[in-house]
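Asker: pasting a predicted model and its sequence here:
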Amino acid sequence: MLMMPPKLTIAKVFSEMKAIAHSAGKESQKAKKEKIQKLLVASRGEEAKFIVRMLQAKLRIGIQIPTLLQALAYAFTLTKPGKSCGPAAVTDRRHGQAKLSAAELEPQMIGMEAAVKQAFSEMPNFDKLVAALMEGRDGSSLLQVCSISVGVPVKPMLAKPSKGIAEVGERLSGKRFTGEWKYDGERAQIHVLSKDVIQIYSRNSENMTEKYPDVIEVVKQSLAEDVQSCIIDSELVAFDQVNRKILPFQVLTTRGRKNITVEDIKVNVCLFAFDCMLVNGQPLVKEPLELRREKLWSILSPAEGKVTFAVYRNFNEINEEEIQAFLDESIAGSCEGLMLKTLTENATYEPSKRSLNWLKLKKDYLEGMADSIDVVPIGAYYGKGKRSGAYGAYLLAIYDQENEEFQTVCKAGTGFSDEDLTTHYSFFKNHQRPCAETNYNVNDKLKPDVWLEPCQVWEIRAADLSISPVHTSAFGVKADGKGIGLRFPRFLRIRDDKTPEESTGSEQIVEMFEAQASVSGTAAVDDDF
DNA sequence: GTTGTCTGCCC
DNA sequence: ATTCTGC
DNA sequence: GCAGAATGGGCAGACAAC
């Protein structure tokens, strides 16, 4: 007789998941499959669904880290951990002797939430946060144990996209502010624990130290004598040391990531520093940018082509022409646009996306400055999650007159309102094809769930164009066996005034590719890819 | 040994 | 990364 | 305005398959 496996417990699922995560090497895929199979067989009711979602890291239950932090804050406000009696011993402040009124608890909960979120931003580590809370730390004392410290990556301060210079004006009017070039590289948070121990963390707090031994070396040499410790915020950008030129992001991504030695580095980088969160043990996050920048300049000296500071210009008041001119300069200088930050007022370093006090101004946000492209949807992919039952993304192509074929440039899955998604789905339901048209030039890897008749033109926007291993537009023109694809594509609108044959041509795609500052002027683009 | 596919991480 | 939407 | 959840191009590296 078949026996039902024992009921799953949280501890069991947790340990199995850890085992799956840590399994590596030959036959590891098989081992993982077997473990997952066992979990699914033992699951009952809805358990299987959530096990699968957990494995996909897409729980979709309306709760992510911010909500979890809020819950922690509320829990430790409403109940207090008991003294040395194990985790179950708590004092509930809603009932009994320790009872507080709702009016008394409310502000405490709000204050605690702010403290917990601040603590997690500065020390994003649940082990440490929960340990501090279990010690009975409250809003005021939590930051004493969970505050910015060298060796623990801080959640980097992020920027809010701005729609145009007018919006920038609204946000910054009446305040002194600065504009900085926004470099197209990899965010790097540099932790100097001592002159001999330097670590680099990514935007998502991954340790990249192993990837950048060259940067470690040059930072060591560029630090001022009296610096024992510091945390620097910066961007690492691929850099041509011979021609003193910034190289495209795509070049940076070809750098190796593991077991890197300085001798065999093929892609050199230049560090563009722009902020400093701690110097010699002293946190600076509560200080205004103007002072932090001053500190930064005092602890780091530039090294030609290796270390420098982000180009900036300070403004005492809004001047749209000057901002526009500075933006144009940044584009000409191979940058993505500008970062705009207050200098004195409201100018502290606010880790994480909790507060988006910085603004980013990129050319592709601006009407008229962006690469706007007319494309034809030729395929569609079934949507997932909240897009189940409709298409979640589309395969987009341009028309190549010479070869009389549709060549793909990108997929698009963003920019659609819910209404757009519905409209497109019902429209294309009646324009499906059983297989690709003979004049569709599509890589196998992009094969859509549904082929579409070429019957509509969409205007889309992109930030950049890149050499693509899968997209077929302008195939072979800029690199052998490769086409051109779009970076950050998004749907803008339907172009009812155009026929599919009038979509953007492949020559225009080539022109747009070549017009990019980080590409133009390169002696032989082909060699770079 | 080479090629193909998937994952995880950049943007 | 970008974008949209419910709260 | 925040939080959440859709979705993009493309690379190195790890495994699997041949």
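Answerer: Nice, thanks for sending it over. Numbering: from 1, shown residues only, chains lettered A, B, ... in the order given.
Asker: got the residues of the stretch 201-350 of chain A near DNA strand B?
Answerer: Residues of the stretch 201-350 of chain A lying close to DNA strand B by CB under 7 Å from any atom of the strand are A:S202, A:R203, A:N204, A:E206, A:M208, A:F249, A:T253. The C-beta positions use only the backbone N, C-alpha and C, and glycine is treated the same way.
Asker: can you list the residues you listed in CSV and add secondary structure?
Answerer: As requested, those are exported to CSV (DSSP: H, G, I helix; E, B strand; the rest coil):
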residue, secondary structure
A:S202, coil
A:R203, coil
A:N204, coil
A:E206, coil
A:M208, coil
A:F249, helix
A:T253, coil
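Asker: tell me if stretch A:476-486 is near DNA strand D.
Answerer: Yes - legend: contact between stretch A:476-486 and DNA strand D by CB under 7 Å from any atom of the strand is shown at A:I484, A:G485, A:L486.
Asker: and the residues you listed, which of them are in strands?
Answerer: A:I484, A:G485, A:L486 (DSSP state E).
Asker: most neighbours out of these, which is it?
Answerer: Among these, the one with the most neighbours (other CB atoms under 10 Å) is A:L486, at 27 neighbours.
Asker: before we move on, the earlier item: which of the residues of the stretch 201-350 of chain A next to DNA strand B sits closest to A:R44?
Answerer: Proximity of these to A:R44 (CB to CB) peaks at A:N204, which lies at 35.3 Å.
Asker: could I get the phi/psi values of that closest one?
Answerer: Main-chain torsions, A:N204, degrees, to the nearest 10: phi -100, psi 30.
Asker: distance of it from A:K155?
Answerer: Applying CB to CB, to the nearest Å, the value for A:N204 to A:K155 is 9 Å.
Asker: which one of the two is surrounded by more residues?
Answerer: Taking other CB under 10 Å, A:N204 and A:K155 do not tie; A:K155 has more neighbours (20 against 9).
Asker: off-centre distance for the helix or strand containing A:M17?
Answerer: Element membership for A:M17 (DSSP states H and E) is helix A:10-22. Centroid separation between helix A:10-22 and its chain, computed with CA atoms, centre = their mean, to the nearest Å, is 28 Å.
Asker: next: stretch A:244-257.
Answerer: The chain centroid and the centroid of stretch A:244-257 are separated by 18 Å under CA atoms, centre = their mean.
Asker: picking up where we left off before, and the residues of stretch A:476-486 next to DNA strand D as CSV, adding distance to A:E329 and pLDDT?
Answerer: Conversion of the residues of stretch A:476-486 next to DNA strand D to CSV gives the following (distance: CB to CB, whole Å; pLDDT from 0 to 100):
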residue, distance to A:E329, pLDDT
A:I484, 26, 98
A:G485, 28, 98
A:L486, 25, 98
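Asker: need the residues you listed in JSON lines with distance to A:A159, can you?
Answerer: Output for these, formatted as JSON lines (distance: CB to CB, whole Å):
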{"residue": "A:I484", "distance to A:A159": "28"}
{"residue": "A:G485", "distance to A:A159": "25"}
{"residue": "A:L486", "distance to A:A159": "22"}
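Asker: out of these, which is nearest to DNA strand C?
Answerer: Here the nearest of these to DNA strand C, counting by CB to the nearest atom of the strand, is A:L486; it sits at 11.2 Å.
Asker: re the thing from before, tell me the helix or strand right after the helix holding A:M17.
Answerer: helix A:28-42.
Asker: is the next helix or strand after that next one in proximity to DNA strand D?
Answerer: The helix or strand immediately downstream of helix A:28-42 is helix A:47-55, counting by DSSP H and E. No - contact of helix A:47-55 with DNA strand D (CB under 7 Å from any atom of the strand) is absent, the minimum separation being 9.4 Å.
Asker: pull out the buried positions in stretch A:65-82.
Answerer: With burial defined by 16 or more other CB atoms under 10 Å, the residues of stretch A:65-82 counted as buried are A:L69, A:Q70, A:L72, A:A73, A:Y74, A:A75, A:F76, A:T77, A:L78, A:K80, A:P81.
Asker: quick check, it touching DNA strand D?
Answerer: Yes - interface with DNA strand D: stretch A:65-82 contributes A:I65, A:P66, A:T67 (CB under 7 Å from any atom of the strand).
Asker: just these: which are in helices?
Answerer: The members of the residues of stretch A:65-82 next to DNA strand D that map onto helices under DSSP state H are A:I65, A:P66, A:T67.
Asker: DNA strand D: which of the residues of stretch A:65-82 next to DNA strand D is nearest?
Answerer: Lowest distance from DNA strand D to those (CB to the nearest atom of the strand) belongs to A:T67, with 3.0 Å.
Asker: now the closest one: how far from A:K384?
Answerer: To A:K384, A:T67 is 22 Å away according to CB to CB.
Asker: what does A:E225 give?
Answerer: For A:E225, the distance to A:K384 - CB to CB - is 55 Å.
Asker: again, but for A:G96
Answerer: With CB to CB as the criterion, A:G96 and A:K384 are 47 Å apart.
Asker: these two: which is more packed in?
Answerer: Between A:G96 and A:K384, counting by other CB under 10 Å, A:K384 is the more crowded of the two (12 against 8).
Asker: pull the contacting residues for that one.
Answerer: By CB atoms under 8 Å, 6 or more residues apart in numbering, the residues touching A:K384 are A:G392.
Asker: give me that answer again for 10 Å
Answerer: A:Q56, A:K58, A:R60, A:G392, A:A393 (CB atoms under 10 Å, 6 or more residues apart in numbering).
Asker: dump these to JSON lines, plus distance to DNA strand C.
Answerer: JSON lines is the format used below for the contacts of A:K384 (distance: CB to the nearest atom of the strand, whole Å):
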{"residue": "A:Q56", "distance to DNA strand C": "15"}
{"residue": "A:K58", "distance to DNA strand C": "12"}
{"residue": "A:R60", "distance to DNA strand C": "14"}
{"residue": "A:G392", "distance to DNA strand C": "12"}
{"residue": "A:A393", "distance to DNA strand C": "11"}
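Asker: need these in JSON lines (columns: distance to A:V218, pLDDT and neighbour count).
Answerer: Output for these, formatted as JSON lines (distance: CB to CB, whole Å; pLDDT from 0 to 100; neighbours: other CB atoms under 10 Å):
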{"residue": "A:Q56", "distance to A:V218": "40", "pLDDT": "90", "neighbour count": "10"}
{"residue": "A:K58", "distance to A:V218": "40", "pLDDT": "91", "neighbour count": "11"}
{"residue": "A:R60", "distance to A:V218": "44", "pLDDT": "92", "neighbour count": "11"}
{"residue": "A:G392", "distance to A:V218": "44", "pLDDT": "98", "neighbour count": "20"}
{"residue": "A:A393", "distance to A:V218": "42", "pLDDT": "98", "neighbour count": "21"}
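Asker: take the residues you listed and keep only those in strands.
Answerer: Reading strands off these with DSSP E, I get A:G392, A:A393.
Asker: from the contacts of A:K384, which is closest to A:W458?
Answerer: Proximity of those to A:W458 (CB to CB) peaks at A:A393, which lies at 12.6 Å.
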